[in-house]
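Colleague: Here you go, sequence then predicted model.
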Amino acid sequence: CLALSAGAFALWRFAPNLLPPEAGSLSVAALILLVLGVDRQKVVTDHQLSNRLLADITKALQVQMETFGIDPNKMLPYFSAPLDAIEALLDYIETTYGSAERYLREKAGVDNCHIAAIRQELLEK
(Lines give C-alpha, C1' and ligand atoms only; values in the text may rest on other atoms or scores of the structure.)
Protein backbone atom coordinates (compact mmCIF):
# COMPACT_ATOMS: atom_id res chain seq x y z
CA CYS A 1 0.00 0.00 0.00
CA LEU A 2 1.26 3.44 -0.81
CA ALA A 3 1.64 5.75 2.15
CA LEU A 4 0.51 8.57 0.05
CA SER A 5 -1.13 11.79 0.24
CA ALA A 6 -2.82 9.32 -1.94
CA GLY A 7 -5.93 8.29 -0.19
CA ALA A 8 -7.84 9.70 -3.12
CA PHE A 9 -5.29 8.33 -5.58
CA ALA A 10 -5.72 4.91 -4.02
CA LEU A 11 -9.40 4.97 -4.83
CA TRP A 12 -8.96 6.36 -8.33
CA ARG A 13 -6.43 3.60 -9.01
CA PHE A 14 -9.37 1.22 -8.74
CA ALA A 15 -11.87 3.55 -10.44
CA PRO A 16 -12.38 1.39 -13.56
CA ASN A 17 -13.56 -1.42 -11.28
CA LEU A 18 -15.64 0.66 -8.89
CA LEU A 19 -18.83 1.24 -10.81
CA PRO A 20 -20.17 0.84 -14.32
CA PRO A 21 -19.42 3.91 -16.47
CA GLU A 22 -23.05 5.00 -16.50
CA ALA A 23 -22.94 5.43 -12.71
CA GLY A 24 -20.68 8.45 -13.10
CA SER A 25 -18.01 10.13 -11.02
CA LEU A 26 -20.57 11.58 -8.61
CA SER A 27 -21.27 8.02 -7.50
CA VAL A 28 -17.57 7.48 -6.80
CA ALA A 29 -17.74 10.55 -4.56
CA ALA A 30 -20.74 8.96 -2.81
CA LEU A 31 -18.69 5.81 -2.15
CA ILE A 32 -15.88 7.87 -0.66
CA LEU A 33 -18.31 9.70 1.63
CA LEU A 34 -19.86 6.44 2.80
CA VAL A 35 -16.45 4.92 3.54
CA LEU A 36 -15.65 8.03 5.56
CA GLY A 37 -18.75 7.40 7.69
CA VAL A 38 -21.11 10.01 6.26
CA ASP A 39 -24.70 8.86 6.67
CA ARG A 40 -26.78 7.93 3.64
CA GLN A 41 -29.14 10.94 3.74
CA LYS A 42 -26.23 13.38 3.76
CA VAL A 43 -24.64 11.49 0.84
CA VAL A 44 -27.89 11.76 -1.11
CA THR A 45 -28.23 15.47 -0.25
CA ASP A 46 -24.64 16.10 -1.36
CA HIS A 47 -25.28 14.20 -4.58
CA GLN A 48 -28.34 16.33 -5.31
CA LEU A 49 -26.39 19.56 -4.76
CA SER A 50 -24.47 18.60 -7.86
CA ASN A 51 -27.52 19.43 -9.99
CA ARG A 52 -27.40 23.06 -8.83
CA LEU A 53 -23.65 23.24 -9.39
CA LEU A 54 -23.95 21.69 -12.84
CA ALA A 55 -26.80 23.97 -13.98
CA ASP A 56 -24.63 26.81 -15.33
CA ILE A 57 -22.16 24.41 -16.92
CA THR A 58 -25.02 22.53 -18.55
CA LYS A 59 -26.43 25.72 -20.09
CA ALA A 60 -23.06 26.56 -21.62
CA LEU A 61 -22.64 23.01 -22.89
CA GLN A 62 -26.07 23.06 -24.51
CA VAL A 63 -25.04 26.01 -26.66
CA GLN A 64 -21.80 24.29 -27.63
CA MET A 65 -23.55 21.02 -28.43
CA GLU A 66 -26.07 22.79 -30.65
CA THR A 67 -23.18 24.51 -32.46
CA PHE A 68 -21.81 21.08 -33.34
CA GLY A 69 -25.20 19.69 -34.35
CA ILE A 70 -25.59 17.55 -31.24
CA ASP A 71 -29.04 17.23 -29.71
CA PRO A 72 -28.53 18.49 -26.12
CA ASN A 73 -31.59 16.59 -24.90
CA LYS A 74 -29.81 13.32 -25.63
CA MET A 75 -26.75 14.41 -23.67
CA LEU A 76 -28.32 16.14 -20.66
CA PRO A 77 -28.73 12.95 -18.61
CA TYR A 78 -24.94 12.67 -18.56
CA PHE A 79 -24.74 16.12 -16.97
CA SER A 80 -27.11 15.51 -14.10
CA ALA A 81 -27.34 13.69 -10.80
CA PRO A 82 -30.71 11.92 -10.78
CA LEU A 83 -32.10 11.16 -7.34
CA ASP A 84 -33.42 7.76 -8.40
CA ALA A 85 -29.96 6.78 -9.68
CA ILE A 86 -28.11 7.46 -6.41
CA GLU A 87 -30.92 5.86 -4.39
CA ALA A 88 -30.78 2.73 -6.58
CA LEU A 89 -27.00 2.56 -6.30
CA LEU A 90 -27.05 2.91 -2.51
CA ASP A 91 -29.87 0.37 -2.20
CA TYR A 92 -27.89 -2.11 -4.32
CA ILE A 93 -24.71 -1.63 -2.29
CA GLU A 94 -26.55 -1.96 1.03
CA THR A 95 -28.61 -4.97 -0.06
CA THR A 96 -25.83 -6.85 -1.84
CA TYR A 97 -22.74 -5.92 0.18
CA GLY A 98 -24.00 -4.41 3.42
CA SER A 99 -21.65 -1.42 3.24
CA ALA A 100 -19.63 0.72 0.86
CA GLU A 101 -16.42 -0.55 2.42
CA ARG A 102 -17.34 -4.18 1.75
CA TYR A 103 -18.39 -3.24 -1.79
CA LEU A 104 -15.01 -1.63 -2.40
CA ARG A 105 -13.13 -4.64 -1.03
CA GLU A 106 -15.15 -7.37 -2.71
CA LYS A 107 -16.29 -5.82 -5.98
CA ALA A 108 -13.60 -3.28 -6.76
CA GLY A 109 -10.62 -5.04 -5.20
CA VAL A 110 -9.66 -2.13 -2.94
CA ASP A 111 -7.64 -3.57 -0.05
CA ASN A 112 -7.87 -2.57 3.60
CA CYS A 113 -4.60 -0.67 3.39
CA HIS A 114 -5.97 1.62 0.68
CA ILE A 115 -9.24 2.11 2.52
CA ALA A 116 -7.25 3.12 5.60
CA ALA A 117 -5.19 5.52 3.45
CA ILE A 118 -8.39 7.12 2.15
CA ARG A 119 -9.63 7.65 5.69
CA GLN A 120 -6.28 8.93 6.90
CA GLU A 121 -6.04 11.40 4.04
CA LEU A 122 -9.58 12.72 4.10
CA LEU A 123 -10.72 12.65 7.73
CA GLU A 124 -9.80 15.41 10.13
CA LYS A 125 -7.34 14.38 12.77
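Modeller: Yep, it's here. Numbering: from 1, shown residues only.

Colleague: Quick one: the strands in this protein, in order.
Modeller: For the chain, applying DSSP state E gives no strands.

Colleague: For it, give me the ranges with low pLDDT.
Modeller: Scanning the chain for pLDDT under 70 picks out the ranges 1-26.

Colleague: what ranges do the helices span in it?
Modeller: Counting by DSSP state H, residue ranges of the helices within the chain are 7-13, 15-18, 25-35, 40-67, 72-75, 83-97, 100-106, 112-122.

Colleague: Could I get those helices in JSON lines, plus columns for mean neighbour count?
Modeller: Where you see a C-beta, it was placed from the backbone N, CA and C, and this is true even at glycine. Below are the helices of the chain laid out as JSON lines (neighbours: other CB atoms under 10 Å):
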{"stretch": "helix 7-13", "mean neighbour count": "18"}
{"stretch": "helix 15-18", "mean neighbour count": "13"}
{"stretch": "helix 25-35", "mean neighbour count": "20"}
{"stretch": "helix 40-67", "mean neighbour count": "13"}
{"stretch": "helix 72-75", "mean neighbour count": "12"}
{"stretch": "helix 83-97", "mean neighbour count": "14"}
{"stretch": "helix 100-106", "mean neighbour count": "19"}
{"stretch": "helix 112-122", "mean neighbour count": "17"}
